[in-house]
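J.: dropping the sequence and predicted coords here.
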Amino acid sequence: ELIIWTIERDNNPLITNHLLRQIINIYWSLLNQPQRLEIAPQLETALWDQVISPNIETGQKRAFFRSYANITLTDEGIKKTHMIWDKSLEIENLMLASRDYTNLAGILAIKLPERAEDIIEAQRPRVNGLDNQRRYEFIKYALSSNQNIKDNFFDALLKEENRLTESWVLSGLNYLHHPLRAEQSEKYIQQSLEILQEIQMTGDIFFPSRWLSSTLKYYQSDNAVKIVRDFLNERPDYNKQLKMKILQEADDLFRANKILKETSKSSLQ
């Protein structure tokens, strides 16, 4: 309620943008799906009211909508997101860039898996610019609802030649490991850790941390915690620098797992 109150009353763009980032992180990292579904209607309404408000300037309106599209889980919210994406609904002063529509296609492909392939194909001719088109052709496999296609995409990332454009790889991983896909994608964690030393040798200096972040940041389960801890415990002589990176990027996973367990215990008392 405090977050929603702040959204509705704070006009400082820096504070608002920081708050929106925190909302998204808490929403996906520290809440389980039943908790998200419980607060989704009220949170979506608060964000949508800012999107359609005539008193919100264009830049902030876009920030509110991006956050709205990111977190929305209700049928009505997903429907509105789809209507913005296919341009059947226009909001005054909501100025979206070409990349925004690509991002919306990705969000919708995940939240509407039964329509994912149609959404992916519909977005292809709308992507402007050769580099953006090449990026889209790369990440579209991570957007698929077909598990075999997603498995093949991940397997391809294990080969160095398919990791040359690291920003594309990270985008693909973010879609692959989206919280709504956690049960299907948790199996990729083990191999993602096993290849980390190769990634350190073949990629940019920051790529190992970003690879880990895109892989681990939204998991919460006991099994995900076990995979990470077992990986380190079974390798006592593992590279110290990479070990610290794993522990750092897995911190949200460990915290979320602990918090949700404590919350569950409290609700039963």
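T.: Cool, the structure landed. Numbers count the residues shown, from 1 in each chain.
J.: ramachandran angles for residue 248?
T.: With angles defined as degrees, to the nearest 10, residue 248 sits at phi -60, psi -50.
J.: pretty sure it is touching residue 216, no?
T.: No - if you go by Cβ atoms under 8 Å, residue 248 and residue 216 don't touch, sitting 10.0 Å apart. Where you see a C-beta, it was placed from the backbone N, CA and C, and this is true even at glycine.
J.: higher neighbour count, these two?
T.: A count of neighbours by other Cβ atoms under 10 Å puts residue 216 above the other of residue 248 and residue 216, at 23 against 13.
J.: the more buried one: what's it in contact with?
T.: Going by Cβ atoms under 8 Å, 6 or more residues apart in numbering, residue 216 touches 177, 189, 224, 228, 249, 250, 252, 253.
J.: swap in 6 Å and give it another go.
T.: Residue 216 is in contact with 249, 250, 253, counting by Cβ atoms under 6 Å, 6 or more residues apart in numbering.
J.: and it, what's its pLDDT?
T.: The per-residue pLDDT reported for residue 216 equals 97.
J.: roughly how far apart are it and residue 244?
T.: 14 Å (Cβ to Cβ, to the nearest Å).
J.: can I get the longest helix belonging to the chain as CSV, trimmed to CA atoms?
T.: The longest helix of the chain (DSSP state H) is helix 33-52. The C-alpha coordinates for helix 33-52 follow below in CSV (Å, rounded to 0.1, in the frame of the first residue of the first chain):
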residue,chain,number,x,y,z
GLN,A,33,3.3,-16.6,-7.8
PRO,A,34,0.2,-16.7,-5.4
GLN,A,35,1.5,-13.5,-3.7
ARG,A,36,2.0,-11.8,-7.0
LEU,A,37,-1.5,-12.7,-8.2
GLU,A,38,-2.9,-11.4,-4.9
ILE,A,39,-1.4,-7.9,-5.3
ALA,A,40,-1.4,-7.7,-9.1
PRO,A,41,-4.8,-6.1,-9.6
GLN,A,42,-4.1,-3.2,-7.2
LEU,A,43,-0.6,-2.7,-8.4
GLU,A,44,-1.6,-2.8,-12.1
THR,A,45,-4.3,-0.3,-11.5
ALA,A,46,-2.0,2.1,-9.7
LEU,A,47,0.5,1.9,-12.6
TRP,A,48,-2.1,2.1,-15.3
ASP,A,49,-3.6,5.2,-13.8
GLN,A,50,-0.3,6.9,-14.2
VAL,A,51,0.0,5.7,-17.8
ILE,A,52,-3.3,7.3,-18.8
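J.: next structured bit after that helix?
T.: Once the chain leaves helix 33-52, the next helix or strand it forms, by DSSP states H and E, is helix 58-71.
J.: what is the next helix or strand after that next one packed up against?
T.: As assigned by DSSP H and E, the chain's next helix or strand after helix 58-71 is helix 75-85. Counting by 3 or more Cβ pairs under 6 Å, 6 or more residues apart in numbering; DSSP states H and E, the packing neighbours recorded for helix 75-85 are helix 98-111.
J.: buried residues in the helix it packs on?
T.: 100, 101, 102, 103, 104, 105, 106, 107, 108, 109, 110, 111 (16 or more other Cβ atoms under 10 Å).
J.: which member of these is positioned nearest residue 87?
T.: Looking at the buried residues of helix 98-111 and their distance to residue 87, the nearest is residue 101, at 8.6 Å (Cβ to Cβ).
J.: got the contact list for residue 242?
T.: residue 196.
J.: so how far is the host helix or strand of it off the chain centroid?
T.: Using DSSP H and E, residue 242 sits in helix 240-249. Relative to its parent chain, helix 240-249 has a centroid offset of 21 Å by Cα atoms, centre = their mean, to the nearest Å.
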